[in-house]
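Undergrad: Predicted model and sequence below, questions to follow.
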Amino acid sequence: MKTCAFITLGCKVNQYETQAIREALAAKGFVETIPEQTADLYVINTCTVTSASDEKSRQHIKRVKRKNPRAIVVVTGCYAEADAGTIKNIDGVDYVITKNEEAHLAEIISRDTSSRVSAQEKIISLQNSNDHEITEESIYDLKISHFAGHTRAFLKIEDGCDMYCSYCIIPYVRGGIKSRRPQDILEEAKRLIHNGYKEIILTGIHIGAYGKDTQGNNRLLDIIQMLSNLSGLERLRLSSIEANEITHDLIDLVAHTKQICPHFHIPLQSGDDFILKRMNRKYTSSQYLETLDSIRSKIDSPSFTTDVIVGFPGENDEHFENTINLCKNAGFSRMHIFPFSAREGTPAAKMTDHCQPQIIKTRRSRLDAVSKTLAYSYKKRFLNTCVKVLAEMERDPKTNKLCGYSERYIKVLFEGPDMAKKSVVSVRIDEITPSFTMGTLQ
């Protein structure tokens, strides 16, 4: 019996791609174990969004090799794309698999685990063999039928990005927009629903640009409409979408389709126009707020979550105050706050007016306090009302209560039987504190 373990860093897309590799290896006879245990094969799916992400990836590589020096170690993901040379020089790395090779990872490993030739050499060998055919079409055609360890399933609809924000390395390592075929998306959604998933989250690197590479033949709106009509799907949720890509048609579709969650994750990054321009973002602060107003005009109490970068080069006190004020006006229900970290290879890393670390730390603390106040204020709207909650597979570790997220992405804890797990249930919200939301199963 061959055992394998997975370590995934970074975004939801990486989690999706790990799941695809997991299923491919299972089909080849590998049995999964947890990373803390000894395995014959370790797959490390890396992130390179910051230099700290690179370092974390390297630490995981060294750790698993110490655990089992005889194990095969495969490194893939964005760090593998960005700096394959450095990874190949790490003692104990057997294969560095690029995005173009991920679809063939199971074949590469299962054919001859005693021969540590390069992944590309293995692919050439497979292409030349009589009993196996590898085509270019399969490169981005990773498919899943389950989502290990998750109550909700991610469904990747596209890869790549062409925004080239000045702080981001991802377009350089993942390339431009590559949209999946609608039929493939539909078939995968049906498999996930058949296997018991009540909620699907559409994900990708830049989902708002879905279909851009098809000259407009495919549109995000069409994909959402197609999936929302599927029998057995109770919830469809968008992951991250840019403010300037939220159209009136999309807002109307969400407003009139009960399966689509009234939750929009719209990255802000900064609330100041000077900084937004330096970031190469495609909207102004006023345009961002106008988008939120348009959504509120059609949808009752929509949830807005966001990402904000603090301490971008050139950010002064006035710029930061503009960000604070915009966040208050937006009324975000949740904020992900990131201190700026210079990423080598991006235009922002070459800027000379970087903020002092202590200033970034202070600003992050201030914005975090605003974030908590806004989240508490938003949740209070639902006190003594009933919401629909998708109960997670695992109970809350601190309270042993059932827990799950509402349509508007509020996490709720409540008493209930195990049979409620993985089901959408009605819960009355009885108590709200800055730390948690408590409810009663109805």
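TA: Perfect, I can see it now. Keep in mind that this is a model prediction, so the values were computed, not measured. Residues are numbered from 1 along each chain as shown.

Undergrad: got the contact list for residue 194?
TA: Applying C-beta atoms under 8 Å, 6 or more residues apart in numbering, we find residue 194 in contact with residue 232. Using the backbone N, CA and C atoms, a C-beta is placed for each residue, glycine as well.

Undergrad: confidence score at it?
TA: Predicted confidence (pLDDT) for residue 194: 97.

Undergrad: Phi, psi for it please.
TA: Residue 194 adopts backbone torsions of phi -60, psi -30, taken as degrees, to the nearest 10.

Undergrad: Show me the domain layout of this protein.
TA: 2-138, 144-261, 263-381, 386-441 (automatic domain parsing).

Undergrad: rank those domains by mean pLDDT and give me the bottom one.
TA: domain 2-138 (a mean of 81).

Undergrad: could you dump stretch 234-244 to PDB, C-alpha only?
TA: Only the C-alpha atoms of stretch 234-244 are listed here, as PDB (Å, rounded to 0.1, in the frame of the first residue of the first chain):
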ATOM      1  CA  GLU A 234     -29.200  24.800  -2.300                       C
ATOM      2  CA  ARG A 235     -26.500  27.500  -2.400                       C
ATOM      3  CA  LEU A 236     -24.200  29.000  -4.900                       C
ATOM      4  CA  ARG A 237     -21.600  31.500  -3.700                       C
ATOM      5  CA  LEU A 238     -19.100  33.700  -5.500                       C
ATOM      6  CA  SER A 239     -15.600  33.900  -4.200                       C
ATOM      7  CA  SER A 240     -13.800  37.100  -5.000                       C
ATOM      8  CA  ILE A 241     -15.000  39.500  -7.700                       C
ATOM      9  CA  GLU A 242     -13.700  43.000  -8.600                       C
ATOM     10  CA  ALA A 243     -15.900  46.100  -8.000                       C
ATOM     11  CA  ASN A 244     -15.700  47.100 -11.600                       C
END
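
Undergrad: Skipping its backbone neighbours, what lies nearest residue 88 in space?
TA: Among residues not flanking residue 88 along the chain, residue 96 sits closest, at 5.4 Å (C-beta to C-beta, 6 or more residues apart in numbering).

Undergrad: residues contacting the one you found?
TA: Neighbours of residue 96 in contact, by C-beta under 8 Å, 6+ apart: 74-76, 80, 84, 87-88, 119.

Undergrad: Kindly indicate which of these lies nearest residue 45.
TA: Taking C-beta to C-beta as the measure, residue 45 lies nearest residue 76 of the contacts of residue 96, at 5.5 Å.

Undergrad: who does the helix or strand containing the closest one pair up with?
TA: Following DSSP states H and E, one finds residue 76 within strand 72-77. Applying DSSP bridges, strand 72-77 is found paired with strand 41-46 (parallel), strand 95-96 (parallel).

Undergrad: Show me which positions of whichever helix or strand comes after the longest one end up buried.
TA: Read it as strand 41-46. Remark: after strand 41-46, the chain's next helix or strand is helix 51-67, criterion DSSP H and E. Residues of helix 51-67 classed as buried by neighbour count (16 or more other C-beta atoms under 10 Å): 53-54, 56-58, 60-61, 64-65.

Undergrad: same deal with stretch 316-327?
TA: 319-320, 322-324, 326-327.

Undergrad: Among those residues, which are located in helices?
TA: Mapping the buried residues of stretch 316-327 onto helices (DSSP state H) picks out 319-320, 322-324, 326-327.

Undergrad: Please work out which of the strands paired with strand 72-77 is packed deepest.
TA: Stretch with highest mean neighbour count among the strands paired with strand 72-77: strand 41-46 (a mean of 26; mean count of other C-beta atoms under 10 Å).

Undergrad: could you check the angle helix 51-67 makes with that strand?
TA: Angle, strand 41-46 to helix 51-67, by axes from the mean of the first three to the mean of the last three C-alpha atoms, to 10 degrees: 170 degrees.

Undergrad: Not counting strand 41-46 itself, show me its contacts.
TA: Under the criterion C-beta under 8 Å, 6+ apart, residues 2-10, 14, 17-18, 21, 25, 30, 35, 53-54, 57, 60-61, 64, 68, 71-80, 105, 109, 113 lie in contact with strand 41-46.

Undergrad: do that again at 7 Å, thanks
TA: For strand 41-46, contacts defined as C-beta atoms under 7 Å, 6 or more residues apart in numbering pick out 2, 4-9, 14, 17-18, 21, 30, 57, 60-61, 64, 71-80, 109.

Undergrad: could I get the buried residues of helix 51-67 as a markdown table with distance to residue 380?
TA: A markdown table is the format used below for the buried residues of helix 51-67 (distance: C-beta to C-beta, whole Å):
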| residue | distance to residue 380 |
| --- | --- |
| 53 | 36 |
| 54 | 41 |
| 56 | 37 |
| 57 | 40 |
| 58 | 44 |
| 60 | 41 |
| 61 | 46 |
| 64 | 45 |
| 65 | 50 |
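
Undergrad: Among the residues you listed, pick out the one closest to residue 221, please.
TA: Out of the buried residues of helix 51-67, the member with the shortest distance to residue 221 (by C-beta to C-beta) is residue 53, at 33.0 Å.

Undergrad: for the residue nearest to that closest one when sequence neighbours are not counted, what are its contacts?
TA: The shortest distance from residue 53 to any non-neighbouring residue, by C-beta to C-beta, 6+ apart, is to residue 47 (4.3 Å). Going by C-beta under 7 Å, 6+ apart, residue 47 touches 9-10, 14, 53, 57, 77-79.

Undergrad: do that again at 6 Å, thanks
TA: If a contact means C-beta atoms under 6 Å, 6 or more residues apart in numbering, then residue 47 has 9-10, 53, 78 as its contacts.

Undergrad: Is it possible to mark the buried ones in the contacts of strand 41-46?
TA: Buried by 16+ other C-beta under 10 Å: 4-9, 14, 17-18, 21, 30, 57, 60-61, 64, 71-80, 109, out of the contacts of strand 41-46.

Undergrad: All set now, cheers.
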